[in-house]
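[1] give the three-dimensional model of this entry:
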Amino acid sequence: MNDIESSKQALREKVWRRLIDGGGAPADSYGKIPGFYGAEATAEQLAGQDFWQRAATVKANPDWAQLPVRVRALKDGKRVYMAVPRMASLEPFYLLDPESLGLPPEEAAEKKGAAQTARRLGVESMEPIDVVVCGSVAVNRSGVRIGKGAGYSDLEVALLIEAGLVTDETVIVAPVHPLQVIEEDIPETEHDFSVDYIVTPDEVIPCPDRRRPPGVVWDDLTAEKLAAIPVLAARHRARP
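    Numbers count the residues shown, from 1 in each chain. Take a look at the predicted model:
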């Protein structure tokens, strides 16, 4: 583990402990994107924002923490693209279409429900995305975030940027518990993206320093990571 990753891991450890000890999330949240208390109120806070109300398409992680946001999006008539867990498919996104769910939104938006009823799509079959909802362990007020360390959220966004589906018009948000909002600097690498807004149950925090990669940073990907993510392996082989 290099110095940047060591610093990020130390911040994760600190926030997981603070969140659990402070009563912000269940004790089993350690090592995960935390399913924090107040996630439903956070979804309501997000739903009141102009950029959300204008949005037709939302991309969200499959984490439990983002379930209320996915449900709210479906109830608000928005198409939801949800990453297949670990992007373990050449078609790495589910499409949840509120007009043809086949299940109540609360069930369709869960991992199990999506696997049963949603269509799987490759990026070439997707439409431009208006709002990206990213799971986070910690985020600071500049908009720099860290996940649990697996890198899937960064890769999903990079893939969508490279495909022209996440653009400068796309709004990226991090729904979190207030205890996940930190004052410390978070080290960044070339493949990291920042968020435009932090959303908690109590407030919406605009983040001034937008940062996004131009696409997939191929030199950062190990052979093991490429082998584990079929869509990236296929795109890597097709590169000139």
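[2] got phi/psi on the residue most central in space within the chain?
    Nearest to the geometric centre of the chain sits Cys134, at 2.2 Å (Cα atoms, centre = their mean). Phi and psi for Cys134, reported as degrees, to the nearest 10, are phi -110, psi 130.
[3] now do the one 10 residues further on
    With angles defined as degrees, to the nearest 10, Val144 shows backbone torsions of phi -80, psi 130.
[4] need the helices for this structure, in chain order.
    Taking DSSP state H, the helices of the chain run over residues 3-21, 39-47, 50-54, 67-75, 105-108, 111-117, 152-162, 223-228, 230-238.
[5] dump the ones you listed to JSON lines, plus mean pLDDT and distance to Glu124.
    Bear in mind the C-beta positions are built from the backbone N, C-alpha and C, glycine included. Output for the helices of the chain, formatted as JSON lines (pLDDT from 0 to 100; distance: least, Cβ to Cβ, whole Å):
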{"stretch": "helix 3-21", "mean pLDDT": "94", "distance to Glu124": "33"}
{"stretch": "helix 39-47", "mean pLDDT": "98", "distance to Glu124": "29"}
{"stretch": "helix 50-54", "mean pLDDT": "98", "distance to Glu124": "25"}
{"stretch": "helix 67-75", "mean pLDDT": "98", "distance to Glu124": "23"}
{"stretch": "helix 105-108", "mean pLDDT": "97", "distance to Glu124": "24"}
{"stretch": "helix 111-117", "mean pLDDT": "93", "distance to Glu124": "20"}
{"stretch": "helix 152-162", "mean pLDDT": "93", "distance to Glu124": "11"}
{"stretch": "helix 223-228", "mean pLDDT": "88", "distance to Glu124": "19"}
{"stretch": "helix 230-238", "mean pLDDT": "89", "distance to Glu124": "10"}
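[6] out of those, which gets nearest to Glu127?
    Taking Cβ to Cβ, helix 152-162 is the member of those nearest to Glu127, at 11.0 Å.
[7] which other helices and strands does the closest one contact?
    In terms of contacts (3 or more Cβ pairs under 8 Å, 6 or more residues apart in numbering; DSSP states H and E), helix 152-162 is packed against helix 230-238.
[8] re the thing from before, neighbours of the residue nearest to the residue nearest to the centre of the chain when sequence neighbours are not counted, how many?
    Nearest non-adjacent residue to Cys134, counting by Cβ to Cβ, 6 or more residues apart in numbering: Ser153, 5.1 Å away. Around Ser153 sit 23 other residues, with neighbours defined as other Cβ atoms under 10 Å.
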